[in-house]
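Asks: would you be able to build a 3D model of this:
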Amino acid sequence: MAPATETQQHRATSTGRRKVVDEVSGWLRVMDDGTIDRTWTGPPEALPLMQPVEPYAEPRDGHTLHDLPGEPKLRVYIPEATATANVGLPVIVQLHGGGFCISHPSWVLYHHFYSRLARALPAVVVTAELPLAPEHRLPAQIHTGVDVLHRLRSIALSSDSSCTPAELLLREAADMSRVFLVGDSSGGNLVHHVAARVGEDGPDHWAPLRVVGGIPIHPGFVRAARSKSELEPRPDSVFFTLDMLDKFLAMALPEGATKDHPYTCPMGADAPPLESVPLPPMLVAVGEHDLIRDTNLEYCDALRDAGKEVEVLLSKGMSHSFYLNKFAVEMDPETGERTQELIDAISRFVARH
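Replies: Have a look, this model is predicted:
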């Protein structure tokens with residue numbers, strides 16, 4: 001979704017015969033004819049974070065960026081370290097957040113972090129364009145996450161003659177036996193559910209691709225009942241409010257479902273027992289001041305109780321998806337330091353697996 005110009009914003013405000021029947025914190029508006037308007041109507045200072053970044057084949061800041069058209073559409077960061085590596089690099093598959101309802105992997109807010117992560121590890125980073133609710137409710141996003149892995153496996157098994165130049169670069173750079181699923185916010189939910197689906201299929205189904213780790217960052221795990229951290233008074237945020245939490249999940253979950261649904265509460269009574277869910281080792285990142293901190297930590301405790309391998313990174317003083325705010329990362333020393341801690345934790349986790 002490309003960001004709106006001032007003219008486009010004016011047009012969106014003047015909807016003519018259409019009327020706005022619901023709005024979500026400036027991010028999304030539901031019209032009375034059932035259409036969805038994702039023209040940004042919030043603070044103008046947030047617009048630069050939603051600018052799309054075009055791909056580039058010439059190296060910038062130690063990496064190249066390639067788009068792979070198809071289903072699903074992929075975007076691939078390839079670090080220059082590939083040229084000197086004796087073996088393929090690990091693969092980070094990023095599943096973007098946005099409450100299942102908004103955002104796009106080409107946005108600056110994702111680009112600045114995942115290009116940096118590709119260089120720091122180094123690793124091949126693959127991002128994917130996910131379907132959006134309410135037009136596409138869950139489990140559509142889970143299916144697409146699985147389809148991303150199927151496409152990567154097909155590229156790994158393909159011949160040179162059947163690959164596009166970008167696919168060939170990806171195949172030569174990547175070690176598909178070391179794939180890590182990474183997701184922010186609602187994308188963290190997808191990490192859990194996509195990893196579980198892969199685990200159910202078994203390694204033979206996916207060879208030579210292997211998912212060897214999952215990294216949910218501030219995952220959107222919640223319950224129908226408010227947690228203590230949801231009720232704590234907090235300043236308004238462009239990126240995450242209770243309004244966004246409630247309305248986005250109502251639009252994304254299956255019709256009639258509550259937030260106790262397994263898609264948003266995998267540690268709840270309605271979900272399969274976690275002991276029975278085949279999951280890889282997990283690194284769960286939690287923000288100390290996140291609205292959904294308590295249910296994030298509850299998920300981590302449930303994984304431990306189920307005998308799963310889980311590490312927790314608690315970012316002191318930080319709120320939801322802090323590391324995606326490029327301006328805060330660059331201008332606020334504490335945010336920059338916590339972001340580096342997150343990258344370092346991911347690097348160590350990947351190195352161990």
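
Asks: where along this structure do the strands fall?
Replies: 20-24, 28-31, 36-37, 56-60, 63-68, 74-79, 89-95, 124-128, 174-184, 211-217, 282-287, 310-315 (DSSP state E).

Asks: contacts only, for Val125.
Replies: 76-77, 91-92, 94, 114-115, 117-118 (CB atoms under 8 Å, 6 or more residues apart in numbering). (C-beta placed from N, C-alpha, C; glycine too.)

Asks: quick one: low-confidence ranges for the stretch 1-150 of the chain?
Replies: Under the criterion of pLDDT under 70, the regions of the stretch 1-150 of the chain flagged as low confidence span 1-16, 82-86.

Asks: follow-up on the earlier one: of the contacts of Val125 - the most surrounded one?
Replies: Val91 (28 neighbours; other CB atoms under 10 Å).

Asks: contacts only, for it.
Replies: 123-126, 152, 174-176, 178-180.

Asks: look up how far Val125 lies from it.
Replies: Between Val91 and Val125 the distance is 8 Å, computed by CB to CB, to the nearest Å.

Asks: circling back to that earlier point, for the contacts of Val125, give me a markdown table that also has distance to Glu311.
Replies: Converted to a markdown table, the contacts of Val125 look like this (distance: CB to CB, whole Å):
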| residue | distance to Glu311 |
| --- | --- |
| Val76 | 27 |
| Tyr77 | 24 |
| Val91 | 20 |
| Ile92 | 17 |
| Gln94 | 19 |
| Tyr114 | 21 |
| Ser115 | 24 |
| Leu117 | 17 |
| Ala118 | 22 |
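
Asks: and which of the residues you listed is nearest Asp243?
Replies: Nearest to Asp243 among the contacts of Val125 is Gln94, at 25.8 Å by CB to CB.

Asks: just to check, that closest one is in contact with Ser115?
Replies: No: counting by CB atoms under 8 Å, Gln94 stays clear of Ser115, with 11.2 Å between them.

Asks: domain-wise, how is this protein divided?
Replies: Structural domains assigned to the chain are 1-42, 53-352, following automatic domain parsing.

Asks: how far does the last one stretch from one end to the other?
Replies: It refers to domain 53-352. 32 Å (CA to CA, to the nearest Å).

Asks: and the direction of the longest helix seen in the chain versus that of strand 310-315, what angle?
Replies: As assigned by DSSP state H, the longest helix anywhere in the chain is helix 333-352. Angle of helix 333-352 versus strand 310-315, following axes from the mean of the first three to the mean of the last three CA atoms, to 10 degrees, is 160 degrees.

Asks: any buried residues in helix 333-352, and which?
Replies: Buried positions in helix 333-352, judged by neighbour count with 16 or more other CB atoms under 10 Å: 335, 338-339, 341-343, 345-346, 349-350.

Asks: any idea how far it is from the chain center?
Replies: How far helix 333-352 lies from its chain's middle: 17 Å, per CA atoms, centre = their mean, to the nearest Å.

Asks: that helix versus strand 211-217: what angle between them?
Replies: Using the same axes, to 10 degrees: helix 333-352 against strand 211-217 is 170 degrees.
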